[in-house]
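Novice: Next one to model:
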Amino acid sequence: QRYNRETLEITFKGKNIADVLDLTVDEAARFFRTVPSVSDKLEALLDVGLGYLRLGQAGTTLSGGEAQRVKLATELAKRATGRTIYILDEPTTGLHFADIEKLLQVLMKLRDAGNTLVVIEHNLEMIKCADWIIDMGPEGGESGGRLVGTGTPEEIAALPESYTGQYLRRLLAR
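Specialist: You can find the predicted model right below:
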């Protein structure tokens, strides 16, 4: 067992440390709702779609996207200065649509607080919400790496040479 008997005898609301670490973030947010110093941090994890993680889950078992969102939640839980640059590499990878929506709301909150976000992304739902796009391509690998265009989603959608623009055009027309 991970903890000695004396440690396991200490409880909070009937749960010892092993019980608490076995809770998901969702469950823990309910359990600690009356403890603001804990619940605020758990809410930040919920905001980035990580309610399913267990509190005691080893960091080494997280996917790259999950680890990135844990870091983002850590930033969200801090007092905002409005002068931070966030660089995110494909933060929507592996996310369900509902979690992408949550993540978008979080990113918009950071932007609205005066922060700058640089997001490398292929998800069109994310791209269409960007204030400014730098479209690299036109392909990947040897056929890529060139600047195809810059502008708002609508301006990129108007570029016939932009593959991103072709897909954005259809999405923005809905």
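
Novice: The spatially most central residue of the chain: helix or strand, and which one exactly?
Specialist: The centroid of the chain falls nearest to Arg69 when counting by Cα atoms, centre = their mean (4.1 Å). For Arg69, the host element (DSSP states H and E) is helix 64-77.

Novice: helices or strands next to that helix in the packing?
Specialist: For helix 64-77, the elements it packs on are helix 36-47, strand 85-89, helix 97-112, judged by 3 or more Cβ pairs under 8 Å, 6 or more residues apart in numbering; DSSP states H and E. Glycine gets a C-beta too; all of them are placed from N, C-alpha and C.

Novice: Quickly note the distance from the spatially closest residue to the residue nearest to the centre of the chain that is not a sequence neighbour to Ile120.
Specialist: Among residues not flanking Arg69 along the chain, Val48 sits closest, at 4.2 Å (Cβ to Cβ, 6 or more residues apart in numbering). Noted for Val48: a distance of 17 Å to Ile120, by Cβ to Cβ, to the nearest Å.

Novice: Those two - which one has more neighbours?
Specialist: A direct count of neighbours by other Cβ atoms under 10 Å for Val48 and Ile120 places Val48 higher, at 27 against 11.

Novice: wait, that one sits on Leu72?
Specialist: Yes. Contact criterion Cβ atoms under 8 Å: Val48 and Leu72 qualify, at 5.4 Å.

Novice: any low-confidence regions in this structure?
Specialist: Applying pLDDT under 70 to the chain picks out no residues at all.

Novice: Between Val48 and Leu72, which contacts overlap?
Specialist: Val106 (Cβ atoms under 8 Å, 6 or more residues apart in numbering).

Novice: chain center to stretch 13-20: distance?
Specialist: Taking the mean of its C-alpha atoms, stretch 13-20 sits 28 Å from the chain's own mean (Cα atoms, centre = their mean, to the nearest Å).

Novice: Pull out the buried residues from that stretch.
Specialist: 17, 20 (16 or more other Cβ atoms under 10 Å).

Novice: That one spans what distance, first to last residue?
Specialist: 10 Å (Cα to Cα, to the nearest Å).

Novice: switch to numbering from 46
Specialist: From this message on, residue numbering opens at 46, which makes the last subject stretch 58-65.

Novice: residues making contact with it?
Specialist: Here stretch 58-65 makes contact (Cβ under 8 Å, 6+ apart) with 46-48, 52-55, 57, 68, 73, 76, 100-101.
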